[in-house]
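In: any chance you can model this:
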Amino acid sequence: MGMVIGLTVLIGLLGSLMLRELTLRQRLLAIVSSREAEFRLLAEASNDMVSRIAFDGTLTYVSPASLRVLGWPPESLVGGNALAGLNPEDRAAVEGVVAALKTGEREEAMIAYRTRHRNTGTVWLESSLSVTRDPKTGRVDGVVAISRDVTEHKQLEGHLSRLATLDSLTGLANRRFLDDRAERELAIARQSRSDVSLLLIDADHFKAFNDHYGHLAGDNCLQQIAAVIQSHATRPSDLAARYGGEEFALLLAETNLAGARVVAERIRSAVQELSIPHVGNSAAPVVTISIGIATAGSQAGWPSLKGLIAQADETLYRAKSDGRNCVGNDLPLHEAPPIQPGQAPPPTAPASQADQTAPR
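Out: The predicted structure follows:
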């Protein structure tokens, strides 16, 4: 929390500096179409890079700040294309704004984008754009751009965003991010009539572990379990999360019950193979986990996220009731007993289907 507050204060200070520069920007834009000499005087005193761009995209003037902002002196840029060095992923957005300015649809705009610095690689710039008009015809004849480097600000924003979505101890996604992602995956599954599975994973007798070995050892244990779970989130759509305390979750999109059980058993086995001593564990002399599974899909239907979590929690309870260190599922116990250590998953789906839904 202290780090988040510190970063927030730092962003606030940067904002104050930006406000001071914005005042100068506004003065520049106010005289763009009037006194050229005063325009250049202010432009060359600004810490921001000021440039004039002709209607065809050619740079006709660049202020000395270009050396600091882009690593190039003005004379190296004048005559070139204003969009040279623009990151391809940002080109469409920038070109769209420029097109609106050219047609007179917009008089001013502000946009952030990535471009290439001569020495340091990719940097983020934020540019205030304002059209210029021919004094005789009144038609748009170009644009004035006032640009500043916001790379550090973007990095701070990214860091704050990561802090807001990740668990600080394990580096996995936190509960809030899991809930948001699971809601989206359920919506996609309903629309596409596909499967999505959720594993709830609990460290067996973890309170006894903490009481015997201490909280530092407990933190290290949770980190090792988290690393195992993360290693099984092998597809971009998979999401490993810390659910709370000693509980974890793994969201598996486009994965049916059979595929989820295969993944769950692999995780259970890998955690046991860590061989972390646990004298207070009734299931084994080492740290073990119990896993519950819930699957939404064409067979089970697509419940709400709350319903899916409740199903997974129920099957986790069943796994614990059956001695822990095993995998439960979302079918009645008499139809599909939990997977015990070393036991292969039951044939709830053809082998080829299980392979397709959990190619791990």
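In: ok, E254 touching R193?
Out: No: E254 lies out of contact with R193 (Cβ atoms under 8 Å); the separation is 11.3 Å. Where C-beta positions appear, they are placed from N, C-alpha and C, glycine not excepted.
In: the two: which is more packed in?
Out: For E254 versus R193, neighbours defined as other Cβ atoms under 10 Å are more numerous around E254 (20 against 9).
In: what ranges does the chain have for its helices?
Out: Assigned by DSSP state H, the helices in the chain fall at 2-30, 36-45, 66-69, 74-77, 88-102, 151-165, 175-192, 206-213, 215-231, 257-272, 305-321, 351-357.
In: export the ones you listed to JSON lines and tack on mean pLDDT?
Out: What follows is those, written out as JSON lines (pLDDT from 0 to 100):
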{"stretch": "helix 2-30", "mean pLDDT": "58"}
{"stretch": "helix 36-45", "mean pLDDT": "71"}
{"stretch": "helix 66-69", "mean pLDDT": "94"}
{"stretch": "helix 74-77", "mean pLDDT": "95"}
{"stretch": "helix 88-102", "mean pLDDT": "92"}
{"stretch": "helix 151-165", "mean pLDDT": "80"}
{"stretch": "helix 175-192", "mean pLDDT": "92"}
{"stretch": "helix 206-213", "mean pLDDT": "96"}
{"stretch": "helix 215-231", "mean pLDDT": "97"}
{"stretch": "helix 257-272", "mean pLDDT": "95"}
{"stretch": "helix 305-321", "mean pLDDT": "94"}
{"stretch": "helix 351-357", "mean pLDDT": "37"}
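In: of the ones you listed, which is nearest I291?
Out: Across the helices of the chain, the minimum distance to I291, taken as Cβ to Cβ, is reached by helix 257-272, at 4.6 Å.
In: neighbours of E126, how many?
Out: Count around E126 with other Cβ under 10 Å applied: 18.
In: my error: substitute G244 in the last question.
Out: Every residue meeting other Cβ under 10 Å relative to G244 is counted, giving 11.
In: how about the nearest residue to it once chain neighbours are set aside, what does it touch?
Out: With sequence-adjacent residues excluded and distances taken as Cβ to Cβ, 6 or more residues apart in numbering, G244 is closest to R175, at 6.1 Å. Under the criterion of Cβ atoms under 8 Å, 6 or more residues apart in numbering, the contact partners of R175 comprise 241-244.
In: please apply the same query to V286.
Out: With Cβ under 8 Å, 6+ apart, V286 has these contacts: 272, 274-278.
In: and the residue lying farthest from the centre of the chain, what pLDDT?
Out: Among residues of the chain, the one most distant from the C-alpha centroid is K136; the distance is 50.5 Å, by Cα atoms, centre = their mean. Confidence per residue is given as pLDDT, and for K136 that number is 81.
In: do P359 as well
Out: pLDDT recorded at P359 is 34.
In: ok, which pair from the contacts of V286 is furthest apart?
Out: When Cβ to Cβ is used, the two most widely separated members of those are Q272 and P277, lying 12.1 Å apart.
In: those two: which is more packed in?
Out: Here Q272 and P277 are set side by side on neighbour count (other Cβ under 10 Å), and the busier one is Q272, at 18 against 12.
In: which residue sits closest to the more buried one in space, ignoring its chain neighbours?
Out: Closest residue to Q272 apart from its sequence neighbours, by Cβ to Cβ, 6+ apart: T288 at 5.3 Å.
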